[in-house]
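Participant: Need a 3D model of the following:
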Amino acid sequence: MKAAPAEDAGDGTSDVEKQLARIAEHFEQSCTDEQVRTIAAMAVAMRRMLKKYHCTAGCIQCWNELQHELGIMPCAANSILNEEGTPITCETDVHGAITSLMVEAADMGRKRSFFADWTIRHPDEPNGELLQHCGPWPCSVARERPTITVPLAFDYNGALTAEARHGEVTLARFDGDNGKYSLLLGTAEGIDGPKGMGTYLWVRVANIKRLEAKIVEGPYIHHCAGIHDDVVPVLYEACKYLGITPDLYDPIEEDVKAYLRGE
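Facilitator: Below is the predicted model:
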């Protein structure tokens, strides 16, 4: 991606140059200068498009046509916008973008969400699961300085690697089938686990088999959105007004109702 002449002011004032400065501030770089510039230009282009169409979130076809055209993964650019409070979800997952907006709204915009795949079981923790994606999570989620690098499953640079902070998280997934929509939701705890690639977090839930049954039986796909806070009661209450069925993956509905009543 070649920047337009207006983006080559050379004095640090152009949008791309400002973005490059922010990348240098927040990320380690295991990539070329040209790749970093492409990431910066991509973030600027995405931000402008979202503004043009008055969007508060977006989703992107992150593989593999983009790599053929630009030779880079968009994950780091996604991360930049995610950190700004504009969720960008992978694999053109519209429902994922809606889920991200919901969990951030439930937290009153105080923290950023992260968009993940449900992947594999923890090797030692019976109720552990790996949440992972190629590298789009916002840097404020990370417990370490993220590195721009090549992801696990592709040969192109532009993804991030960083483990997320531990602690309590809410996990949610908005999806529908035949016009009926529901919101899978519950809490989990970030725990230690094997070092990974991409942006990732090992979590422990109360009963992994119960959660997996919800995902397998649907209507949910393999993506979820998480946030470092317990916003389950807020999301549960919101479902009432949005015409969505709340679907708790742990049997805590009476506890949630008691909390909402102020008990």
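Participant: Identify the residues contacting stretch 103-116?
Facilitator: 82-83, 85, 87, 89-90, 93, 96, 100, 131-133, 136-138, 140-141, 164, 170, 172, 199-201, 223-229, 231, 234-235, 238 (C-beta atoms under 8 Å, 6 or more residues apart in numbering). C-beta here means a position set from N, CA and C on the backbone, and glycine is covered the same way.
Participant: State the distance from the residue lying closest to Glu91 once chain neighbours are set aside to Thr38.
Facilitator: Using C-beta to C-beta, 6 or more residues apart in numbering and skipping the chain neighbours, the partner closest in space to Glu91 is Cys62 (6.2 Å). Cys62 sits 14 Å away from Thr38, going by C-beta to C-beta, to the nearest Å.
Participant: low-confidence ranges in the stretch 1-150 of the chain?
Facilitator: When residues are selected by pLDDT under 70, those of the stretch 1-150 of the chain lie in 1-10.
Participant: what ranges do the strands span in the stretch 1-150 of the chain?
Facilitator: For the stretch 1-150 of the chain, strands defined by DSSP state E, counting those that start in this stretch occupy the ranges 28-29, 58-59, 88-89, 114-121, 128-133, 147-149.
Participant: Could you do the stretch 151-263 of the chain as well?
Facilitator: 159-163, 167-177, 180-191, 199-204, 223-227, 245-248.
Participant: For Lys18, find the nearest of the ones you listed.
Facilitator: With C-beta to C-beta, the closest approach to Lys18 among the strands of the stretch 151-263 of the chain belongs to strand 159-163: 19.8 Å.
Participant: what packs against the closest one?
Facilitator: helix 75-83, strand 147-149, strand 199-204 (3 or more C-beta pairs under 8 Å, 6 or more residues apart in numbering; DSSP states H and E).
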